[in-house]
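**Student:** Quick check, what structure comes out for this input:
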Amino acid sequence: NFGTLSWTWNNDEIELSTQASDNVVDLLRNRMMELSSHILDILKVAACLGSTFEQRLLELVWSKLFNVTNDDPHLVEKFLTGIETSVEEELFVKVSDTPPRIGWVHDKIHEAAIALVAPSDRQAYRSRVGEILASELKEDDLESAIFVVVDLLNESQDVNNENARLQLADLNLKASQKALRLSAFESAAQYAGQGILMLPDKAWETDYERCLQLHNIGAKAESFMGNVDQMETYCQAVLSQKNKPIEDKFDVYTTLIDMMTNEGKIDEAVKLLLEILGRFNCRFPKNNALIALGVVYNLTRIRCSLQTRETSKLVPMRDRTRVTLMRLLDKLTTCLYMAKDSRLPLVVFRSLNWTIKYGICSYSGQAFATTGLILTGALNDIQGGSKYGQHALTLLNMTQSQSSAARTIFCVHTFVFPWTQQARSLFKPLLEAYDIGLRTGDTESATFAIFTWLATKFIVGSSLES
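**Tutor:** Residues are numbered from 1 along each chain as shown. A predicted model of the protein is given here:
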C-alpha cells in the first residue's frame, strides 16, 4: 500500500488458499479410493518404498504380502495392469526402463498413498514391508535399498526379540556406513544412534566389534554436525574400554583431534597426537639444538639420495597400524604448521622415511610434496624440490588415493613446480585439485587451489572475464 507505505493482506483469501493446499492430500486419497482394490494394494506397498523405486522390489513385496507366485499368471498380469493403470492415472511415472524404475508424479500423491493405510495399522504395515525386504533381498540388492529397509524397520517400537534387535542393529550399522560414505552425516548419526539402542546392555562384552563400529561412526557423524556433547559421549564410551588395544581407538582419537583443530585448540591436538604416537615409539625432541641437528641430518640424507631415489620400486604399506600412524603424522604436520612449531620438518621427514622403509600409502605423496617444498623454499634447491614434487605425483597415481590428493596436487603446483615449469601449465592441475577437494570434503585445499589458480591467471595476464 503506497499510501501508507506498508504491506497489507487479506486474511480471508489466505485462509481459503491454505485450506485448499491442506485438502489436496484428502482429495487425492478420495480419488485413489475409486480405483480397484488390487491397485490400492499396489499403491499401499509403493508408498513404503520411497519417492522412486525399482519395479521388481514393488512386485517382490506385493507378491509376498498376498502370497502370489509366478505359477499364477492371472495375478501377475493384474500386477502389471495395476502399474500401467497407475501410470495412466498420473499417479506413477516411469523413471527408467533398464531396470524398470518407478516414481511418484508428485510428493503430495505419495503422501496420499501413505494415508491409504489407517494410522493405527501403518506402523505394523510398514514394518512388515521392511521385514520382507530384509529377508528376501540378496546382499547386493539389500545394500542398494538399505536406507528404505532400515527406515521401515526402525519405525517399529516393539522389537523385543534379542536376535531381531541384533539384526536390526547390524542393518543400522550398514546404513550408517553407507550414509557416512555419502557424506549424509545427519542420517549416519541417526542410524548409528538407533543401532546402539538396539544393542544389549552388555554389548561391549558380548558384541564388541559391532558396538565399536557404531560408536566410531556415531562420533564421526556427530562431530561433522558440530554436536560436540554427543560426539564426546560416543568417544568416551570407546576410550573407557580399558582392556582393549589402542588400535581400536584410533578412529575416535582422530575424531577428537579433528574437533580440537576445528575449534582452534591446536596445542591440545598436538599434545594428544604426540601422546598417541609416543606409544608406538614415534617421538620427537623438544630441545631446539636436537631439532636443528635432526633437520640437518635428514636434509643431508635426502640430498645425497636425490639422484638414486626410485619411487616406482616402492611397495604398498601392508601394516594397517602403520598406515594409521602415517595418517596421524599427516595431521600432526598440519597442527605443527598452524602452531609454527619448529618440529614440523622432523614430522615430514619421519613420514618420508617410513614410506621408504615400510612402503607407500595414501599419505606418502603429501610427505614427498612437503619435502619438495622444504628443498625449494629452505635450501633454494629448485631442481631437487621439483624431483620430489614429481615423486609425490607418481605416488599419488600409484595409490589412487583421493583423501590427500587435493592437498598434494595443490602443494606441488603452488610451491614447487612454479620454479621450473611454465605458469600456464599449472592451470589444469590446480583446477583438478579444486574439483577433488570439493568432492572429498577437503574444502581448505580446494579454496587454496582456486585462489592460486586465479592469482596465476592474473599474473600471466589472462582475461579475468574468461
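
**Student:** quick one: Ile302 from Met398, how far?
**Tutor:** Distance, Ile302 to Met398, using CB to CB, to the nearest Å: 20 Å. C-beta: built from backbone N, CA, C; applies to glycine.

**Student:** Check Ser342 too.
**Tutor:** 32 Å.

**Student:** where does the chain have low pLDDT?
**Tutor:** 2-4, 15-22, 69-72, 157, 464, 466 (pLDDT under 70).

**Student:** Okay, strands next: where are they in it?
**Tutor:** Along the chain, counting by DSSP state E, strands occupy 52-54, 92-97, 100-104.

**Student:** Turn the ones you listed into JSON lines, including mean neighbour count and distance to Asp267.
**Tutor:** Converted to JSON lines, the strands of the chain look like this (neighbours: other CB atoms under 10 Å; distance: least, CB to CB, whole Å):
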{"stretch": "strand 52-54", "mean neighbour count": "17", "distance to Asp267": "50"}
{"stretch": "strand 92-97", "mean neighbour count": "14", "distance to Asp267": "53"}
{"stretch": "strand 100-104", "mean neighbour count": "18", "distance to Asp267": "53"}
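
**Student:** Now render the ones you listed as TSV, adding distance to Lys357.
**Tutor:** Formatted as TSV, those follow (distance: least, CB to CB, whole Å):
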stretch	distance to Lys357
strand 52-54	50
strand 92-97	51
strand 100-104	51
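
**Student:** and of those strands, who's closest to Glu13?
**Tutor:** Of all these, the one in closest proximity to Glu13, counting by CB to CB, is strand 100-104 (30.1 Å).

**Student:** That closest one - contacts with which helices or strands?
**Tutor:** On a contact count with 3 or more CB pairs under 8 Å, 6 or more residues apart in numbering; DSSP states H and E, strand 100-104 meets strand 52-54, helix 55-65, strand 92-97.

**Student:** got the contact list for it?
**Tutor:** Contact with strand 100-104 is made by 46, 51-56, 58, 83, 91-95, 110, 113, as judged by CB atoms under 8 Å, 6 or more residues apart in numbering.

**Student:** the helices in the stretch 351-466 of the chain, which residues?
**Tutor:** 364-379, 382-399, 405-411, 427-440, 443-459 (DSSP state H, counting those that start in this stretch).

**Student:** buried ones in the longest one?
**Tutor:** Of the residues in helix 382-399, 382, 384-396, 399 count as buried by neighbour count, 16 or more other CB atoms under 10 Å.

**Student:** next one: the last one
**Tutor:** For helix 443-459, burial by neighbour count (16+ other CB under 10 Å) applies to 445-446, 448-450, 452-453, 456-457.

**Student:** Also the fourth one?
**Tutor:** Using 16+ other CB under 10 Å as the burial criterion, the residues of helix 427-440 that qualify are 427, 429-430, 432-434, 436-438, 440.

**Student:** Nearest to Ala169 among those?
**Tutor:** Thr440 (29.4 Å).

**Student:** measure the closest one to Leu277 for me?
**Tutor:** Counting by CB to CB - Thr440 and Leu277 are separated by 25 Å.

**Student:** try Ile257
**Tutor:** 11 Å.

**Student:** Please enumerate the shared neighbours of the two.
**Tutor:** Common neighbours of Ile257 and Leu277, counting by CB under 8 Å, 6+ apart, are Leu328.

**Student:** of those two, who's got more company?
**Tutor:** Ile257 (22 against 18; other CB atoms under 10 Å).

**Student:** For the more buried one, give its distance to Ile276.
**Tutor:** 9 Å.

**Student:** which residues do those two both contact?
**Tutor:** When CB under 8 Å, 6+ apart defines a contact, the residues bordering Ile257 and Ile276 alike are Leu328.

**Student:** Which residue, other than its chain neighbours, is closest to Ala219?
**Tutor:** Excluding the flanking residues, the one nearest Ala219 by CB to CB, 6 or more residues apart in numbering is Tyr234, at 3.8 Å.

**Student:** residues contacting Phe417?
**Tutor:** Here Phe417 is in contact with 386, 389, 425-426 (CB under 8 Å, 6+ apart).

**Student:** quick revisit: of all the strands of the chain, which lies closest to Gly359?
**Tutor:** Counting by CB to CB, Gly359 lies closest to strand 52-54 out of those; the figure is 42.7 Å.

**Student:** How far away from the center of its chain is the closest one?
**Tutor:** Strand 52-54 has its C-alpha centroid displaced from the chain centroid by 23 Å (CA atoms, centre = their mean, to the nearest Å).

**Student:** From the contact counts, what lies against it?
**Tutor:** The contact analysis (3+ CB pairs under 8 Å, 6+ apart) places strand 52-54 against strand 100-104.

**Student:** mind checking how far the strand it packs on is from the chain centre?
**Tutor:** Counting by CA atoms, centre = their mean, strand 100-104 comes out at 27 Å from the chain centroid.

**Student:** That strand pairs with which strands?
**Tutor:** Strand 100-104 sits in its sheet next to strand 52-54 (antiparallel), strand 92-97 (antiparallel), going by DSSP bridges.

**Student:** closest to Asp319 out of these?
**Tutor:** strand 52-54 (42.0 Å).

**Student:** Go ahead and confirm Leu116 touches Ala47.
**Tutor:** Yes: at 6.9 Å, Leu116 counts as touching Ala47 under the criterion of CB atoms under 8 Å.

**Student:** Which of the two has more residues huddled nearby?
**Tutor:** Ala47 (22 against 16).

**Student:** list the contacts for that one?
**Tutor:** Ala47 is in contact with 110, 113-114, 116-117, counting by CB under 8 Å, 6+ apart.

**Student:** out of these, which are inside helices?
**Tutor:** Judged by DSSP state H, the contacts of Ala47 include 110, 113-114 as members of helices.

**Student:** I'd like the residues you listed as CSV, with distance to Ile266 and neighbour count appended.
**Tutor:** Shown next, in CSV, are these (distance: CB to CB, whole Å; neighbours: other CB atoms under 10 Å):
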residue, distance to Ile266, neighbour count
His110, 49, 22
Ala113, 53, 25
Ile114, 50, 18
